[in-house]
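Peer 1: predicted model follows, preceded by the sequence.
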Amino acid sequence: MGSFARPAFFWAGAAACTAGALLHLPMYLHARHMGYRMAGMPVDTPMLTGMLLIVTGVAAVVHGLLPRRSAALRRQVSSVRVRAVDDAPLRPAHAALLAVLSLAVTIDVMKPMTLSFVVPGVAKEYGLASPLNPGGDVPVSWLPLSGIAGTMTGSFLWGWLGDRIGRRGSILLAGVLFATTAVCGAMPSFSWNVAMCFLMGTAAGGLIPIAFTLLVETVPQRHRGWLMVLIGGNVTVAYILTSWLAATLTPTYSWRILWLVGLPTGLLLIALNHWIPESPRYLLATGRTEDARRVLARYGSTVQYGSVVRDAAAPPDEPEPARGPARSGYRGLFAASFRGPTLALTVLAVGAGLMTYGFQMWLPTNLGRLGIAEVSSDRVLRDSALISLPLNVLTALLYGLWSSRRTVIALAALTAAALVALAVLAETTAGHGLTLRLLLLVPLWGISATAAVLAAYSSEAYPTPLRALGTSWAAGTSKAGGVAILALSVAAVAVPPLGVTALLGAVPLALAAVAFALYGPETRGRRLDEIVPEQVPARA
């Protein structure tokens, strides 16, 4: 399935990282008699040793994943194209890949979602400024701001990284960082929490764009759209799992346990990478043609060099040099052929970010502001997400069987209207549990469904040389919306009320519906090279 360059370095580094993370646990367990409150505790020797092991281990992992022929990769990667066999049936290999990437997306999304559930506990333990503690000096908003800034950085970084160390290598690196940054749950000071939260966000930010880039290159066209949206809908599953963990574990083990669970989930992601193939495009670009043929045959794909399409079993010729007037890097997304779709996706991404990191991020806090207890708030959000789960299946079917473009338009418009209704009625229904759950239903569904269609559409709307960059741009822009609203929270030393966060998400979603009506190409039922012209960016 395509290994990595120096496996000995990778596995030695992964072992060092795991040992380093485990050495942070004794200090956490030592605080159990104090309700796991660690604020002000001095850093002990095992923790310092663990930090050193983690830094050394991450360096070894990166060295193990770096390709041996990076110069050749930079020369060749933009001229190799991989297309799915559009008429091929789904194979067992597809099913395994979909299952593993579905789990990977769920684990990835749980990281930033955890922020909304740890913020109340963090504010209480460190005496930070929050709606429930307005007398604090330092705003608790610094924590989610750091985490979401990390996810924005990771989204853009992983778009570049996916073409340097490969799709599979990028996911492996994310798994290692997931496991190591779980030590955020054992950090005794708030400043260390902020720093580790940024690193955790960097790991989480790029996995989804890489996963969807890999999916679009392997899944047959007639199944591509609805399957990608269905997997993207795991945002709801992630929210259900996170809220369940918060309601079940935090009363006993404090908010810190929500970070510490990242250690086993990160290790699980590494273990499951056996069922994730390396990108054939990456394998061909690094000269590993035999590995590429095996992957292509398993998934029923073809390779295109320049303008020639060859069967996976046929020996490849030398790739043609990159050509065409299109710009290289992220600038290529704004070339004439892609400017309209990029504009529509950018507006939708901003709306998705404001919903996720403005409205949803502060839901537990704002429900507490309305008089709903912390544990009750977790259960209200979990129940509303459970009710909305079947709607993600409906969204996937509409996207794949009806129209991708019209599904995005309808979803954006409906979610915007629901957010406006919630902004107007939330305070009057705070004491009515069922009514409040129903009001939250469409926005919570809209958050997960918008994230799903954003990831799926952005991976379809660009040609192969720009695909990883396009999905990363959409993901990074969505995080930029979150960074903006969280920065406002820090500047104002206050959390915006529920009505404000709802309206801030509604406005760009309404604009996105208009932008897709004007500029969004239809992707359903079309080959990837038919959606937009296959332009290959010229080398800088």
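Peer 2: That came in fine, so what should we check first?
Peer 1: tell me which stretches of the stretch 351-500 of the chain form helices.
Peer 2: 363-369, 374-397, 404-425, 433-460, 464-492, 498-519 (DSSP state H, counting those that start in this stretch).
Peer 1: can you redo the ones you listed as CSV with mean neighbour count?
Peer 2: Where you see a C-beta, it was placed from the backbone N, CA and C, and this is true even at glycine. Putting those into CSV (neighbours: other C-beta atoms under 10 Å) gives the following:
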stretch, mean neighbour count
helix 363-369, 21
helix 374-397, 19
helix 404-425, 21
helix 433-460, 24
helix 464-492, 24
helix 498-519, 21
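Peer 1: give me the pLDDT for Pro390.
Peer 2: Pro390 is assigned a predicted lDDT (pLDDT) of 82.
Peer 1: mind checking how far it is from Leu398?
Peer 2: 13 Å (C-beta to C-beta, to the nearest Å).
Peer 1: equivalent analysis for Met110, please.
Peer 2: From Met110 to Leu398 the distance is 26 Å (C-beta to C-beta).
Peer 1: what do you get for Asp291?
Peer 2: Relative to Leu398, and taking C-beta to C-beta, Asp291 is found at 38 Å.
Peer 1: cool, Gly166 as well?
Peer 2: Counting by C-beta to C-beta, the gap from Gly166 to Leu398 is 33 Å.
Peer 1: and the two? Which one has more around it.
Peer 2: Using other C-beta atoms under 10 Å, the more surrounded residue of Gly166 and Leu398 is Gly166, with 27 against 22.
Peer 1: wait, the more buried one sits on Trp158?
Peer 2: No - counting by C-beta atoms under 8 Å, Gly166 does not reach Trp158; the two are 11.6 Å apart.
Peer 1: surely Arg164 is within a helix?
Peer 2: No - Arg164 is assigned coil when assessed by DSSP: H, G, I helix; E, B strand; the rest coil, not a helix.
Peer 1: isn't it right up against Val62?
Peer 2: No - Arg164 is not in contact with Val62 according to C-beta under 8 Å; the separation is 10.7 Å.
Peer 1: got the angle for the helix or strand that Ile171 is a member of vs helix 464-492?
Peer 2: Using DSSP states H and E, Ile171 falls within helix 167-180. Per axes from the mean of the first three to the mean of the last three C-alpha atoms, to 10 degrees, the angle that helix 167-180 makes with helix 464-492 is 20 degrees.
Peer 1: helices or strands up against helix 167-180?
Peer 2: helix 7-22, helix 45-65, helix 92-126, helix 142-161, helix 190-205, helix 207-216, helix 262-271 (3 or more C-beta pairs under 8 Å, 6 or more residues apart in numbering; DSSP states H and E).
Peer 1: ranking those helices by mean pLDDT, which is last?
Peer 2: Here the lowest mean pLDDT among the helices and strands packed on helix 167-180 goes to helix 207-216, at a mean of 78.
Peer 1: so how far is that helix from its chain's centroid?
Peer 2: 10 Å (C-alpha atoms, centre = their mean, to the nearest Å).
Peer 1: for that helix, packing partners?
Peer 2: helix 92-126, helix 142-161, helix 167-180, helix 221-232, helix 433-460, helix 464-492.
Peer 1: in it, what's buried?
Peer 2: Neighbour-count burial for helix 207-216 flags 207-216 (criterion: 16 or more other C-beta atoms under 10 Å).
Peer 1: could you do stretch 39-59 as well?
Peer 2: 39, 41, 47, 50-51, 53-54, 57-58.
Peer 1: could I get these in a markdown table, plus columns for distance to Gly185?
Peer 2: Formatted as a markdown table, the buried residues of stretch 39-59 follow (distance: C-beta to C-beta, whole Å):
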| residue | distance to Gly185 |
| --- | --- |
| Ala39 | 13 |
| Met41 | 13 |
| Met47 | 12 |
| Gly50 | 13 |
| Met51 | 14 |
| Leu53 | 17 |
| Ile54 | 14 |
| Gly57 | 18 |
| Val58 | 18 |
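Peer 1: nearest to Leu98, out of the helices of the stretch 351-500 of the chain?
Peer 2: Checking the helices of the stretch 351-500 of the chain against Leu98 by C-beta to C-beta gives helix 374-397 as the closest, at 12.2 Å.
Peer 1: which residues touch Ala39?
Peer 2: 125-126, 188-190 (C-beta atoms under 8 Å, 6 or more residues apart in numbering).
Peer 1: can you tell me how far Thr342 sits from Ala21?
Peer 2: For Thr342, the distance to Ala21 - C-beta to C-beta - is 39 Å.
Peer 1: what's the separation between Leu511 and Leu343?
Peer 2: Applying C-beta to C-beta to Leu511 and Leu343 gives a distance of 10 Å.
Peer 1: dump the helices of the stretch 351-500 of the chain into JSON lines; add distance to Pro251 as well.
Peer 2: Converted to JSON lines, the helices of the stretch 351-500 of the chain look like this (distance: least, C-beta to C-beta, whole Å):
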{"stretch": "helix 363-369", "distance to Pro251": "14"}
{"stretch": "helix 374-397", "distance to Pro251": "7"}
{"stretch": "helix 404-425", "distance to Pro251": "28"}
{"stretch": "helix 433-460", "distance to Pro251": "20"}
{"stretch": "helix 464-492", "distance to Pro251": "26"}
{"stretch": "helix 498-519", "distance to Pro251": "24"}
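Peer 1: which stretch among those comes nearest Leu272?
Peer 2: It's helix 433-460; of those, that one is closest to Leu272 (C-beta to C-beta) at 19.6 Å.
Peer 1: quick check: the closest residue to Glu522 other than its chain neighbours vs Leu391, distance?
Peer 2: Ranked by C-beta to C-beta, 6 or more residues apart in numbering and with sequence neighbours excluded, the top spatial neighbour of Glu522 is Arg405, at 4.8 Å. When distance is defined by C-beta to C-beta, Arg405 is 19 Å away from Leu391.
Peer 1: three-state assignment of Glu522?
Peer 2: Assignment for Glu522 (three-state DSSP): coil.
Peer 1: show me the residues around it that make contact.
Peer 2: So Glu522 contacts 403-405 (C-beta under 8 Å, 6+ apart).
Peer 1: can you put the residues you listed in a markdown table and add distance to Gly481?
Peer 2: Formatted as a markdown table, the contacts of Glu522 follow (distance: C-beta to C-beta, whole Å):
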| residue | distance to Gly481 |
| --- | --- |
| Ser403 | 26 |
| Ser404 | 22 |
| Arg405 | 22 |
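Peer 1: any chance of CSV for those residues, columns pLDDT and distance to Leu296?
Peer 2: Below are the contacts of Glu522 laid out as CSV (pLDDT from 0 to 100; distance: C-beta to C-beta, whole Å):
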residue, pLDDT, distance to Leu296
Ser403, 91, 30
Ser404, 90, 26
Arg405, 91, 30
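Peer 1: of those residues, closest to Ile257?
Peer 2: Ser404 (39.7 Å).
Peer 1: does Tyr239 lie in a helix or a strand, and which?
Peer 2: Using DSSP H and E, Tyr239 sits within helix 234-253.
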